[in-house]
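Fold the following.
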Amino acid sequence: MQPGLSFPEKSHPIIIIGAGGIVNDAHLPAYKIAGFEVAGIYDINMEKARNTAARFSIPVVYESINQLLAEAPPDVVFDLALPGNIVISVLKQLPDGAAVLMQKPMGENYEQAKDILQLTRGRKMIAGVNFQLRYAPFIVAAREIINRGGIGELCDIEVNVNVYTPWPLWDFLYKAPRVEILYHSIHYIDLVRSFLGNPSGIYAKTVKHPHMPDLASVRSNIIMDYGDMIRANILTNHCHQFGLHNQQSYLKFEGTKGAIKIRLGVLMNYPAGIPDVFEYVIIEEGKQPEWETMAIIGGWFPHAFIGSMSEVMKAAEGSISAPDNSVEDCIHTMACVEAAYASSEKGAAKINEEF
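As a prediction, this is how the structure comes out:
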């Protein structure tokens, strides 16, 4: 099965600011698959920019932001593949009304996210955030099944990630005050929101690991509160260094008459990964439940990145009023992230030891 994505009527040229690993591994391969034109690239490290341009046949390597802005086509989409703490400084240099896709997170905290929101509102930008898991082919397939009532009323979402993640691939994280939730579990928080809307609250705890004491956190437990009938849990451990045998990485959706389970193969044996698996079961009266496997074409990396860019392009051309992943929506994901850190810092309810 190849789940459908909605594409813009006309592809807009893309200028990328940033030439790091995520650009080489996901953005540019996705745009190549989609047939999107990449008009140019800029990075403060010119060697990285030139190497990326040569690898993907990008025609122009800009030497400065000023040159980039002076030569940008009028219908360009700016792709900001930058750490959250410097996104706003680049946004301030872009023209009013610019179409822009910024890499997640939307700033390093909720205050920065609000500043980004106010800036893009004030400058009337068409601005989206690259929460691309929403558009992964297996998520599109799951959403189609759920939306047509295939598994009944959705009442349970579970994310379970028990893997070994090679954090040294992202050296900037060693200086970041927040890591696991802000740079990883944020994807799952956003995904749950895309299915269930905004929770009433968050319970969370995020912790370090003895083998990775220089990172702010690498393991998290998160409960998103949707009342007494819906469970939404996120459990992550990036420190399972004991081989693939007991690693696991899955999303599970349960409804009142069926379930869907998706193995996120990209997170296991990272960065090589293993194949994704999409399974589902529908209860039929008088029959034992039988799980079936559906072949899904494409994965989270790089295919999901097509969807997030498509949303900004469609809004830029006017075929939709705003991107699905707009800053106006994604500010709620950032609010959930902030609530998770607040919950983690507040600590657990104390146990009454009065007998």
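
Which residues belonging to stretch 255-265 are considered buried?
Gly255, Gly258, Ala259, Ile260, Lys261, Ile262, Arg263, Leu264, Gly265 (16 or more other CB atoms under 10 Å). Quick note: C-beta positions are derived from backbone N, CA and C, even for glycine.

quick one: which of those residues is nearest Ala204?
Leu264 (20.5 Å; CB to CB).

Which strand or helix spans the closest residue to the closest one other than its chain neighbours?
In space, and not counting its chain neighbours, Leu264 is closest to Ser249: 4.3 Å by CB to CB, 6 or more residues apart in numbering. According to DSSP states H and E, Ser249 maps onto strand 248-255.

List the buried residues of that strand.
Ser249, Tyr250, Leu251, Phe253, Glu254, Gly255.

now swap in stretch 112-130 and tell me
For stretch 112-130, by 16+ other CB under 10 Å, it's 112-113, 115-117, 119-120, 123, 125-130.

Throw those into CSV and include pLDDT and distance to Glu144, thanks.
Formatted as CSV, those follow (pLDDT from 0 to 100; distance: CB to CB, whole Å):
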residue, pLDDT, distance to Glu144
Gln112, 96, 35
Ala113, 97, 30
Asp115, 97, 36
Ile116, 97, 32
Leu117, 98, 31
Leu119, 98, 36
Thr120, 98, 31
Arg123, 97, 36
Met125, 98, 31
Ile126, 98, 27
Ala127, 98, 27
Gly128, 98, 22
Val129, 98, 23
Asn130, 98, 22
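
taking these one by one, which sit in helices?
Counted as lying in helices by DSSP state H, out of the buried residues of stretch 112-130, are Gln112, Ala113, Asp115, Ile116, Leu117, Leu119, Thr120.

now the third one: how far from Val179?
Read it as Asp115. Distance, Asp115 to Val179, by CB to CB, to the nearest Å: 21 Å.

The first one now?
Distance, Gln112 to Val179, by CB to CB: 16 Å.

How is the protein partitioned into domains?
Following automatic domain parsing, one finds the domains of the chain at 14-133+303-320, 134-294.

so of these, which one's packed in deepest?
Mean neighbours per residue, mean count of other CB atoms under 10 Å, is largest over the domains of the chain for domain 14-133+303-320, with a mean of 19.

Endpoints of it, how far apart?
With CA to CA, to the nearest Å as the measure, the ends of domain 14-133+303-320 fall 19 Å from one another.

can you pull the contacts of the residue nearest to Leu264?
Residues near Ser249 by CB atoms under 8 Å, 6 or more residues apart in numbering: Asn160, Val161, Asn162, Val163, Arg263, Leu264, Gly265, Leu267, Met268.

cool, and Leu244?
Here Leu244 is in contact with Met268, Asn269, Ile274 (CB under 8 Å, 6+ apart).

wait, which of the residues you listed is closest to Glu153?
Met268 (31.0 Å).

For Glu158, see how far away that closest one is.
17 Å.

for Asp79, same thing?
From Asp79 to Glu158 the distance is 32 Å (CB to CB).

what's the answer for Gln247, then?
Gln247 is 17 Å from Glu158, by CB to CB.

for Asp171, same thing?
Asp171 sits 32 Å away from Glu158, taking CB to CB as the criterion.
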